[in-house]
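S.K.: compute the structure for the input listed below.
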Amino acid sequence: LSVHFGSALVSAGSLTLTASPSDPSSTVVLDGAWNGSTASEMIDQVPATLLAVGDSFTVQFAVEVDPDAVGAPGPLDNQVTVGGDGIDENGDPVTDSLGNLIVVTDDSDSGTDPNTTNAGGDGDSGGSDDPTPLLLPAVGLAKSAGDAVANGDNFDVSITFVYENTGTVDLTTLSLTDDIAAQFGNAFVDIVPASLTVQNFAGTGSAPGANAAWEGDTSLDMLDSTGRVNTGDSFEVTFIVTMNPDGIDSVSQGLENQGVATGVGINPDTGLPEAALTVTDDSDNGTDAGGENGEDNADGTFGNDPTPIIIADVSAAKEIFGTPTLLSNGHYKATYQVVIENTGTVDLANLTLAEDLASQFGAAYVDASALSMITGPADASSTVTLDSTNWNGGTNTEIVDTAIPSLLAVGDSFVFQFTVEIDAAQATGVLE
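M.R.: Next up, the predicted model:
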């Protein structure tokens, strides 16, 4: 196997005699040390063996292969060679007219009948010594997301799929689906027009075309069903999606996305696609369509992780709460209320929140106090502590107590208030 499969061979074993010889005089013992590589002989050569005239036996073994391994041959064809010495009814060697020992060998033919040419079987060429092809249709799909780019209140994210034929047969009727509008829900805004592109085809086949209609209806196929990816061929599909994590309901959420690749294998004997050779693959987060991309989303299965959309975003809203109060010294006391919300797709840690009233109000600033949390974060994982003791809006402008770990979960928010004393007579304009 190591000669036939090369670097594609991972391991071989479980050699089993599934049908023993039926003649009482026959005896065949398998060699449990066989591994298809360093030990290639299946028959144990230590005990005596014999196969009577007309008798037969059947063996099975299991092999693990990686068709996408570096240097792996395209077709994985395999053949065994059986041999034996002729003996007479007394167990003595049979010789030819020159006195040479008669030794017989035969290379296996692809099929189930050792006495025919197995016409119509996989790999059949009309002869009786056709190698057995290992038809492994397989497709790999990887998906990566670029950095989010602000687009007004929205964000644009470039998405790249890598589609690769990771099997041993060529694929046609290519399909790639990604109903990103349904997966993102109200966070989905649009697909940037004319951004869907098929690019960077590598291999001996032909690239499919992009289905431009997908940009208006993401439930459609992204490809136009043309093209052919031969063994080892690959190509990329890219597009740009516009999204707003807090959507129409003003509640942000984590976003992740996954596409599905499909292809129909072409039978090498007929040159035609066969439904039985249809394969699919859910995209894995990363750029290696044939690998595991070094991570798992804790489901125990590598190579199928959705791609997260990383958008770190935070929003703040501030208002004067109630009506400013005139103090006996002629100053005014005003209460401000601030709402802070995580409007991105990832949690935010190490929060900071600066409020420098002295710089903003100038000589009109007198003092600030009464910093208090009105409504704390709702998510159990969130934690925010205000520095009510030290903050004064002047010499100390940091509202969050940075000595205590902080976190604001996706979509979570908190509300706080503080009071500021203002000497309006010192104001040089609108205080804002």
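
S.K.: what's near enough to touch T428?
M.R.: G362, A363, A364 (Cβ atoms under 8 Å, 6 or more residues apart in numbering). C-beta coordinates here come from the backbone N, C-alpha and C atoms, glycine included.

S.K.: how near is the last one to T419?
M.R.: Distance from A364 to T419, counting by Cβ to Cβ, to the nearest Å: 15 Å.

S.K.: just the buried residues of the contacts of T428.
M.R.: A364 (16 or more other Cβ atoms under 10 Å).

S.K.: strands of the stretch 301-432 of the chain, start to end?
M.R.: All strands of the stretch 301-432 of the chain, identified by DSSP state E, counting those that start in this stretch, fall at 307-308, 314-320, 325-326, 332-342, 348-349, 365-375, 407-408, 413-422.

S.K.: got those as TSV, with distance to D130 columns?
M.R.: Formatted as TSV, the strands of the stretch 301-432 of the chain follow (distance: least, Cβ to Cβ, whole Å):
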stretch	distance to D130
strand 307-308	44
strand 314-320	66
strand 325-326	97
strand 332-342	64
strand 348-349	63
strand 365-375	76
strand 407-408	64
strand 413-422	69
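
S.K.: ok, D44 touching V29?
M.R.: Yes: using Cβ atoms under 8 Å, D44 is in contact with V29, at 4.3 Å.

S.K.: what about the closest residue to L326 other than its chain neighbours, how many neighbours?
M.R.: In space, and not counting its chain neighbours, L326 is closest to Y332: 5.9 Å by Cβ to Cβ, 6 or more residues apart in numbering. Y332: 18 surrounding residues under other Cβ atoms under 10 Å.

S.K.: what residues of stretch 34-53 count as buried?
M.R.: Buried residues in stretch 34-53 (16+ other Cβ under 10 Å): W34, N35, G36, M42, I43, L51.

S.K.: pretty sure the second one sits against G13.
M.R.: The reference is to N35. Yes: in this structure, N35 is within contact of G13 by Cβ under 8 Å, at 6.1 Å.

S.K.: now do the helices in the stretch 51-200 of the chain.
M.R.: Taking DSSP state H, counting those that start in this stretch to define them, one finds helices in the stretch 51-200 of the chain at 180-184.

S.K.: what is the closest residue to A48 other than its chain neighbours paired to in the beta sheet?
M.R.: Distance criterion Cβ to Cβ, 6+ apart; nearest residue to A48, sequence neighbours excluded, is T27 at 6.9 Å. Beta-bridge pairing of T27 under DSSP bridges involves L50.

S.K.: run through the residues that contact the residue nearest the centre of the chain.
M.R.: Closest to where the C-alpha atoms of the chain average out (Cα atoms, centre = their mean) is D284, at 0.4 Å. Counting by Cβ under 8 Å, 6+ apart, D284 touches G140, L141, A142, K143, E292, N293, F302, G303, N304, D305.
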